[in-house]
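A.B. asks: Sharing a sequence plus its predicted fold:
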Amino acid sequence: MLHAKLGISPIAWWNDDDVNLSDDVSLDEALRQASVAGFVGMETGQRFPMNMAELGPILDKHKMQVCGGWFSGDLLTGDLEVEKERVEEQLQFFKEAEAPCLVYGEVSGSVQSKRNKTLNQKPVINEAEMAVYGRKVSDFADYCAEMGMPLSYHHHMGAVVENEAELDLLMKHSSIPLLFDAGHMAFAGGDNLRVIDNHHKRITHVHTKDVRNAVMHGVDKSKESFLDAVVKGVFTVPGDGDIDFAEIVKRLASHSYEGWFVVEAEQDPKQNPPLEMAQLGHQTLVEILTAAGYQIEM
């Protein structure tokens, strides 16, 4: 039997890129609500203290654990040795927290946090440049693994690796583990099932971000930013959007994926109450995962 753990991102409660998309709740309250909804883990965010002496008692109070967290990488244009120094504190913290992985997000040239940049102003590189980048990211991933904390690479709207073709090239020219995000790949126009089939051996972490098709298809990438799309409501939790997560989970199960399924759905918490959204996402995933033969760890 396959095993799964259910986690959630704090981005449902507060958005680190746009404070207007945040609820006025503490870390303690966000963890409480996530626990009430049934989740056993939460990825980190800016309101998390970077040490277990402070964070540990809060996690224990709500029977939660750290299930990953974002690192803003600058390897596309930056220096590998500098990035190793930048990541050291987070690596040590994640090791103490017994996190499953460090989520690597490339921010060099990315437009994902810039309201004045349209989605089609994202960085674009050719295959030769991707090969150079892939080697740098592979070296960084090897370093993180040697330090005791594996990396999982997050393809992302607005970043240099956004769409399926770009992801295919990165996988071709690297040896890095992959974070598969259904919502970002759908928004980028990719085929989620094909991505799973092509790269399942590399998938070590899964984000179950859903999309609202009506909003997604209405986004003008030549005029609107990533955050504009978020404000309009392009993303949501499983069960509230249009991605067929039953098929995605079945495909992952067919390739024997085990591990974390993390709900990561940034949207306006005032319009989409985080606790209600978390409960819907959790209920939907429990039903889908159980039907696909997973045993969910509580």
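C.D. replies: That came through, no problem.

A.B. asks: And the average pLDDT for stretch 291-298 is what?
C.D. replies: Mean pLDDT, computed over stretch 291-298, is 96.

A.B. asks: Next, the distance between the ends of it.
C.D. replies: 17 Å (C-alpha to C-alpha, to the nearest Å).

A.B. asks: Longest strand in the protein, by number of residues?
C.D. replies: Looking across the chain with DSSP state E, the single longest strand is strand 65-73.

A.B. asks: now the strands for the stretch 101-250 of the chain?
C.D. replies: 102-106, 151-154, 178-181, 203-207, 210-211, 235-236 (DSSP state E, counting those that start in this stretch).

A.B. asks: Contact partners for the residue nearest to residue 264 when sequence neighbours are not counted?
C.D. replies: For residue 264, ignoring the flanking residues on the chain, the nearest one in space by C-beta to C-beta, 6 or more residues apart in numbering is residue 9 at 3.9 Å. In this view, the C-beta of every residue, glycine as well, is placed from N, C-alpha and C. Residue 9 makes contact with 42, 43, 45, 207, 262, 263, 264, 265, 266, according to C-beta atoms under 8 Å, 6 or more residues apart in numbering.

A.B. asks: out of the residues you listed, who has the most neighbours?
C.D. replies: Counting neighbours by other C-beta atoms under 10 Å, residue 263 comes out on top of these with 30 neighbours.

A.B. asks: between whichever strand or helix holds residue 56 and strand 65-73, how many degrees?
C.D. replies: Using DSSP states H and E, residue 56 sits in helix 52-61. Here helix 52-61 runs at an angle of 130 degrees relative to strand 65-73 (axes from the mean of the first three to the mean of the last three C-alpha atoms, to 10 degrees).

A.B. asks: For helix 52-61, enumerate the helices and strands it packs against.
C.D. replies: Packed against helix 52-61, as judged by 3 or more C-beta pairs under 8 Å, 6 or more residues apart in numbering; DSSP states H and E, are the following elements: helix 27-37, strand 65-73, helix 80-97.

A.B. asks: Can you add mean pLDDT, distance to residue 226 and mean neighbour count and give the ones you listed back as JSON lines?
C.D. replies: What follows is the helices and strands packed on helix 52-61, written out as JSON lines (pLDDT from 0 to 100; distance: least, C-beta to C-beta, whole Å; neighbours: other C-beta atoms under 10 Å):
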{"stretch": "helix 27-37", "mean pLDDT": "97", "distance to residue 226": "23", "mean neighbour count": "20"}
{"stretch": "strand 65-73", "mean pLDDT": "97", "distance to residue 226": "15", "mean neighbour count": "22"}
{"stretch": "helix 80-97", "mean pLDDT": "98", "distance to residue 226": "23", "mean neighbour count": "16"}
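
A.B. asks: Could you tell me which residues make contact with residue 245?
C.D. replies: 182, 208, 210, 238, 284, 285, 288.
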